[in-house]
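Trainee: Below are the sequence and a predicted model; questions follow.
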Amino acid sequence: MTAEDAASSLPSKRGSSALQLGPRKKASTSDPLVSHGRHFGRTVFALCNYPSLLTNGILRLEQLEDISLEDLSAEERREHRVFEQLLDSYPGLLERLKDGSEEEILHVGELIGKGAAGARGDDTKTLKSAVLDWISPRGEAIQPPLHRNSKIDRGFNHELTGSLLCPAGLDWNDPRIKENLRSGEMLVCGDQWPIFVYANHAYDSEDPWCGLLRSRLLVYAYKHVFTSPSSVDREPKATRSGNARLHGMNSVTIASLAYIATQVRFALSSSSVFSRTDTTTDSETFYHSLLDLLEDPEECKEVDELLTWWNRQVFPASSAAKRAISANSALFKIRQRRIALKQATNTNVASS
């Protein structure tokens with residue numbers, strides 16, 4: 001990329017959000033930031049234009065000396081939150097950006113973006129084949145067969161993948177709906193979540209939170225990406241250097257759930273290339289719609305319960321799993337005794 005090209009890609013006009021995929025670029029230099037970008041993309045924000053994120057973030061830091069974060073738009077606040085998470089996750093990055101030239105900031109962004117794009121591409125490639133094993137009927141082969149290296153027969157073109165991708169609330173067994181989905185007469189937007197994101201592929205219109213993002217298929221895919229492909233149907237070995245272990249990850253993040261759901265949805269689809277311009281899969285809208293829900297403060301109770309459930313599935317030994325204390329344990333009795341003493345103290349204070 002020439003210096004003129006680099007300058008032209010600077011978001012000086014601030015016309016577009018950094019939290020959207022930018023054009024494909026090559027970063028040829030090996031750097032720890034590439035490895036960091038792989039993990040950051042999977043766990044914090046996946047579909048991002050990192051050079052724009054960094055340049056916008058540095059400019060915004062100067063702005064925030066005179067204005068409040070609340071004066072920014074909701075999109076700008078989210079973008080700045082992602083920027084701050086990136087700074088917090090990589091010691092010394094802020095100083096490197098502040099001391100660097102515009103070209104250096106762009107280069108750093110390209111390195112991080114290279115890692116994120118590389119991880120996304122690797123996961124897309126491995127999940128394309130692995131997902132067929134997970135959706136196959138127990139003890140049976142998929143009929144008609146689905147090819148591991150070609151996706152043309154997937155999506156609504158196939159009975160099995162079509163039933164999994166059918167938007168929650170629609171009946172795949174209704175011939176008219178099935179035909180409209182297959183013909184494209186009924187377009188599916190990214191915020192119309194497929195039934196496979198629900199536990200047992202069951203959707204309750206009266207309680208849309210029930211079973212949301214708790215399907216077996218999502219758990220398999222999450223373990224495949226984060227703890228190792230061999231851990232899908234058994235506990236990961238302590239010596240196995242999965243992606244989570246390599247990066248010190250011991251709890252599930254909101255963004256990682258949205259990322260895995262997006263990857264599985266794409267693996268089931270008939271689209272062959274993961275692209276921001278693909279209106280058929282509308283992957284960016286799907287990813288953002290999940291984040292919108294999971295980051296909504298009004299949904300914090302349900303989200304906390306969801307994350308606890310996920311940590312029990314993926315990181316059962318982690319404190320984030322929040323397992324209930326055994327009723328007959330010494331710890332349980334100590335806690336009960338402490339509660340009783342507090343209650344007695346409060347009663348005495350109130351009566352005096």
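Mentor: Received, thanks.

Trainee: Longest helix of the protein, counting residues only.
Mentor: Longest helix in the chain, counting residues (DSSP state H): helix 102-135.

Trainee: buried residues in it?
Mentor: 105-120, 123, 126-128, 130-132, 134-135 (16 or more other C-beta atoms under 10 Å). Glycine gets a C-beta too; all of them are placed from N, C-alpha and C.

Trainee: One more: stretch 185-199?
Mentor: Buried residues in stretch 185-199, defined by neighbour count with 16+ other C-beta under 10 Å: 186, 188, 190, 192-199.

Trainee: With pLDDT, secondary structure and distance to Ser289 added, can I get these in TSV?
Mentor: Formatted as TSV, those follow (pLDDT from 0 to 100; DSSP: H, G, I helix; E, B strand; the rest coil; distance: C-beta to C-beta, whole Å):
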residue	pLDDT	secondary structure	distance to Ser289
Met186	95	coil	18
Val188	94	coil	12
Gly190	94	coil	6
Gln192	97	coil	9
Trp193	98	coil	8
Pro194	98	strand	12
Ile195	98	helix	15
Phe196	98	helix	15
Val197	98	helix	11
Tyr198	98	strand	15
Ala199	98	helix	19
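
Trainee: pull the helix or strand with minimum mean pLDDT from this structure.
Mentor: Here the helix or strand of the chain ranked lowest by mean pLDDT, DSSP states H and E is helix 3-8, holding a mean of 41.

Trainee: Against Leu290, how distant is the residue nearest to Ser289 when sequence neighbours are not counted?
Mentor: Closest residue to Ser289 apart from its sequence neighbours, by C-beta to C-beta, 6 or more residues apart in numbering: Asp191 at 4.0 Å. Separation of Asp191 from Leu290 (C-beta to C-beta, to the nearest Å) stands at 9 Å.

Trainee: ok, now Asp204?
Mentor: From Asp204 to Leu290 the distance is 18 Å (C-beta to C-beta).

Trainee: Could you check which of these two has the larger neighbour count?
Mentor: Between Asp204 and Leu290, counting by other C-beta atoms under 10 Å, Leu290 is the more crowded of the two (23 against 13).

Trainee: that's a strand at the more buried one, yeah?
Mentor: No. Per DSSP: H, G, I helix; E, B strand; the rest coil, Leu290 lies outside any strand segment and is helix.

Trainee: Isn't it up against Tyr259?
Mentor: No. Taking contacts as C-beta atoms under 8 Å, Leu290 lies outside contact range of Tyr259: 9.1 Å.

Trainee: what do these two both touch?
Mentor: Counting by C-beta atoms under 8 Å, 6 or more residues apart in numbering, no residue touches both Leu290 and Tyr259.

Trainee: Run a quick neighbour tally on Glu298.
Mentor: Using other C-beta under 10 Å, Glu298 has 8 neighbouring residues.

Trainee: now the one 3 residues further on
Mentor: Residues near Lys301, counting by other C-beta under 10 Å, number 9.

Trainee: cool, and Gly139?
Mentor: Burial of Gly139 is recorded as 5 neighbouring residues (other C-beta under 10 Å).

Trainee: And for Asn173?
Mentor: Neighbours around Asn173, by other C-beta under 10 Å: 9.

Trainee: and the helix or strand harbouring Ala261, how far out from the chain's middle?
Mentor: Take DSSP states H and E as the rule and Ala261 turns out to sit in helix 254-268. Put simply, helix 254-268 sits 6 Å off its chain's centre (C-alpha atoms, centre = their mean, to the nearest Å).

Trainee: Where does the prediction get shaky in the stretch 151-300 of the chain?
Mentor: Confidence mapping of the stretch 151-300 of the chain against pLDDT under 70 gives the ranges 234-241, 276-277.

Trainee: Where does Glu140 sit: helix, strand or coil?
Mentor: Glu140 - assigned by three-state DSSP - is coil.

Trainee: Same check on Arg337?
Mentor: Strictly by three-state DSSP, Arg337 counts as helix.

Trainee: Relative to Lys98, which of the buried residues of stretch 185-199 is nearest.
Mentor: Closest approach to Lys98 among the buried residues of stretch 185-199 (C-beta to C-beta): Gly190, at 36.4 Å.

Trainee: contacting residues for that closest one?
Mentor: Gly190 makes contact with 281-289, according to C-beta under 8 Å, 6+ apart.

Trainee: if I've got this straight, Ser52 is in a helix?
Mentor: Yes. Counting by three-state DSSP, Ser52 is found in a helix.

Trainee: wait, it sits on Leu106?
Mentor: No. Ser52 is not in contact with Leu106 according to C-beta under 8 Å; the separation is 9.4 Å.

Trainee: Give the helix, strand or coil label for Ser271.
Mentor: Assignment for Ser271 (three-state DSSP): coil.

Trainee: show me where the protein has helices.
Mentor: Using DSSP H, the helices of the chain run over 3-8, 32-43, 50-63, 74-89, 93-99, 102-135, 159-165, 175-183, 216-226, 243-246, 254-268, 283-294, 300-314, 330-351.

Trainee: What is the longest one packed up against?
Mentor: Using 3 or more C-beta pairs under 8 Å, 6 or more residues apart in numbering; DSSP states H and E as the contact test, the elements touching helix 102-135 are helix 3-8, helix 32-43, helix 50-63, helix 93-99, helix 159-165, helix 216-226, helix 254-268.

Trainee: How about the shortest one?
Mentor: Helix 243-246 makes packing contacts with helix 32-43, helix 216-226 when contacts are defined by 3+ C-beta pairs under 8 Å, 6+ apart.
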